[in-house]
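1. Sharing a sequence plus its predicted fold:
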Amino acid sequence: MYLDVLNGVTGDLKFSEILMSTAILVVISLLMIRLTSFIVNKATKKFDLELTVSYLIRDSFKYLIYICAVTIQLEICGVDVTGIVWSLGIVGISLGFAGRDMISNFISGIFILSDKTIKVGEVVEVDDVYGKVHKVGFRTTTLVTFDNSLITIPNSVFSSNPYVNHTYLDEHRIDLDILIPYKVDLIEWRNGLNKRISHINWVLNDPTPKVFVKEFNEEGVKVKVIIWAKDYFKIEEYRLILANEIRKLLKEV
């Protein structure tokens, strides 16, 4: 009975022919998706495109191929695609309120991609989530945390919450609080520190290193040492090296 009904809808087509055309379209669609992904990957390497743009192009082609495949299959089955488009337009308006979160995520994704404030490979922090950007899509952004967890965040979160891009700029500040005993001359100690860190190749001269007095307590003067470096992913290693240099300097004075 099901076959008779289906044949009635699709005209002279047989059920086996429909299955065959569907299978062929699925295979062709998958091959086209793989081909476009291959071409986009090659273009990304050749023209040094940003990975964010690469993901966007691949997703666009993928969804376009899906839509074309479904449209062709409906045409093969004798379905009036124009009527369906009009119907979907009316239904889409009705479902728009129900899908407002999805629409919000999509629009936010467009703004993220156009603003270029978040790119693949950068380290961002939003809504108490901190990680490296793995993929930026139309609806979601995927982060990899430093304990190797994969977190998917709706793009609307970025538009509704302040977020921090830790690697957007080239220079990164390293702060270190130090307690200097009262017996140590602060000016002499600062000059000695500047001379010592001037030989460290990763310490930037612009912005210049600085030393600020924070407070006085019973044990000495608490100061903040500020230096700048370029490689964000080595900040903790640099902080350890700086602390060791300051330790050796305090032993010498």
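-> Yep, it's here.

2. can we go C-alpha only for contacts and neighbour counts from here?
-> Noted.

3. Check which helices and strands the host helix or strand of Asn244 sits against.
-> Remark: Asn244 resides in helix 235-252, with elements defined by DSSP states H and E. Using 3 or more CA pairs under 8 Å, 6 or more residues apart in numbering; DSSP states H and E as the contact definition, the elements that helix 235-252 packs against are strand 172-180, helix 186-197.

4. Let's see that with 10 Å instead.
-> For helix 235-252, the helices and strands in contact under the criterion 3 or more CA pairs under 10 Å, 6 or more residues apart in numbering; DSSP states H and E are strand 172-180, helix 186-197, strand 221-229.

5. Quick one: closest of these to Leu35.
-> If you check each of these against Leu35 by CA to CA, strand 172-180 wins as the nearest, at 40.4 Å.

6. remind me which residues of this protein are low pLDDT?
-> Regions of the chain meeting the criterion pLDDT under 70 cover residues 1-14, 47-53, 81-103.

7. In a markdown table: the helices and strands packed on helix 235-252, plus distance to His166 and mean neighbour count.
-> Formatted as a markdown table, the helices and strands packed on helix 235-252 follow (distance: least, CA to CA, whole Å; neighbours: other CA atoms under 10 Å):
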| stretch | distance to His166 | mean neighbour count |
| --- | --- | --- |
| strand 172-180 | 8 | 16 |
| helix 186-197 | 24 | 14 |
| strand 221-229 | 13 | 19 |
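
8. before we move on, the earlier item: buried sites along the helix holding Asn244?
-> Taking 16 or more other CA atoms under 10 Å as the basis for neighbour counts, the residues of helix 235-252 that come out buried are Ile235, Tyr238, Leu242, Ala243, Ile246, Leu250.

9. right, so of the helices and strands packed on helix 235-252, which gets closest to Tyr66?
-> Between Tyr66 and the helices and strands packed on helix 235-252, the shortest separation by CA to CA is 43.8 Å, and it involves strand 172-180.

10. What would whichever strand or helix holds Ser108 look like as PDB? C-alpha coordinates only.
-> Applying DSSP H and E as the criterion places Ser108 in helix 100-115. Extracted C-alpha coordinates of helix 100-115, given in PDB (Å, rounded to 0.1, in the frame of the first residue of the first chain):
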ATOM      1  CA  ARG A 100      14.900  32.900  18.200                       C
ATOM      2  CA  ASP A 101      17.900  31.400  20.100                       C
ATOM      3  CA  MET A 102      19.100  29.700  17.000                       C
ATOM      4  CA  ILE A 103      18.700  32.800  15.000                       C
ATOM      5  CA  SER A 104      20.400  34.800  17.600                       C
ATOM      6  CA  ASN A 105      23.400  32.400  17.600                       C
ATOM      7  CA  PHE A 106      23.500  32.600  13.800                       C
ATOM      8  CA  ILE A 107      23.500  36.400  13.700                       C
ATOM      9  CA  SER A 108      26.100  36.600  16.500                       C
ATOM     10  CA  GLY A 109      28.300  34.200  14.500                       C
ATOM     11  CA  ILE A 110      28.100  36.500  11.500                       C
ATOM     12  CA  PHE A 111      29.200  39.500  13.700                       C
ATOM     13  CA  ILE A 112      32.100  37.500  15.300                       C
ATOM     14  CA  LEU A 113      33.400  36.400  11.800                       C
ATOM     15  CA  SER A 114      33.000  40.000  10.400                       C
ATOM     16  CA  ASP A 115      34.600  41.700  13.400                       C
END
